[in-house]
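[1] Here is the input, now give the coordinates:
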Amino acid sequence: MPKAFFIDTSRCTACRGCQIACKEWNELPANVTKQRGSHQNPPDLNAHNYKLVRFSERLEGTTIRWNFFPDQCRHCLEAPCEHEAAKLVDGAVIRDTDTGAVIYTDKTKEISVDGFEDIRAVCPYDIPRRDRSTGKIVKCTMCHERVVRGMLPACVKACPTGTMNFGDRQKMLELAQQRLAAVRKEYPKALLADADDVSVIYLLIDAPKNYHKHSVAQRNQDMDRKMFLARLGRPLRRGMETLLNL
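    Down below sits the predicted model:
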């Protein structure tokens, strides 16, 4: 039966236990970081961080408001990255029919630089990253190797507040609706982000833009135009590279 995460941001304290658990389970190396004026660290998802707790701070009148957003792959029900990768290398991106996990395989190493740019561009949440040391395109795996053995994803197992939840998709949708109804008593604008399209369902109590640019799907005409222009410029770019190598 397809699985899903339910991420209740109203309960997130930004302890980053999920972020660390993900990193440890996947045996990902450390990042070289520095203080950039925010508690968020690292500044963005990267090949060594499949999950990142984003910090959003703003002043509302005289009150400082914090929003925390545990960002990760949404494991879309109809994943644009899967369809795009299928045009490039067969089997590079696959979907596990039992869990619904969208998985990047070692075949992603065969995808060109331009191909990776296309895959990242079609993602409505800006998730895929490339590991320069291996050439593999990477992201959250839904801890597939744990889930198929009846275990919780590492991030869910580590969460101490009930923010991270995981189980059969239908049960997670029911839990999400229950929490939404409860939270709306205090936060009437609360919503479930893209719940019909993804396997990682976020409960947001504030406007999506106050969490992260890509907290909800950003697939739009601007992105399509960006992809078109990028593809259009490839022959010129490759021609310049050829001339420089002569």
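
[2] what's whichever helix in the chain runs longest packed up against?
    If you go by DSSP state H, the chain has its longest helix at helix 169-183. On a contact count with 3 or more Cβ pairs under 8 Å, 6 or more residues apart in numbering; DSSP states H and E, helix 169-183 meets strand 3-8, strand 164-168, strand 191-193, strand 200-204. (Glycine included, C-beta is placed from N, CA and C.)

[3] Of all those strands, which one comes closest to Arg132?
    strand 200-204 (26.1 Å; Cβ to Cβ).

[4] Now that closest one - C-alpha only, PDB.
    Output of strand 200-204 as PDB, limited to C-alpha atoms (Å, rounded to 0.1, in the frame of the first residue of the first chain):
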ATOM      1  CA  VAL A 200       4.800  14.300   1.700                       C
ATOM      2  CA  ILE A 201       1.900  16.300   3.000                       C
ATOM      3  CA  TYR A 202       2.700  19.500   5.000                       C
ATOM      4  CA  LEU A 203       0.300  21.300   7.400                       C
ATOM      5  CA  LEU A 204       1.100  25.000   7.200                       C
END
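
[5] mean confidence score for it?
    The average pLDDT for strand 200-204 rounds to 98.

[6] swap in stretch 188-196?
    Stretch 188-196 comes out at a mean pLDDT of 97.

[7] can you check stretch 127-142 too?
    97.

[8] just for the chain, where's the confidence low?
    Residues of the chain that meet the criterion pLDDT under 70 lie in 219-246.

[9] As TSV, the helices and strands packed on helix 169-183 with mean neighbour count would be great.
    Formatted as TSV, the helices and strands packed on helix 169-183 follow (neighbours: other Cβ atoms under 10 Å):
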stretch	mean neighbour count
strand 3-8	24
strand 164-168	20
strand 191-193	19
strand 200-204	25
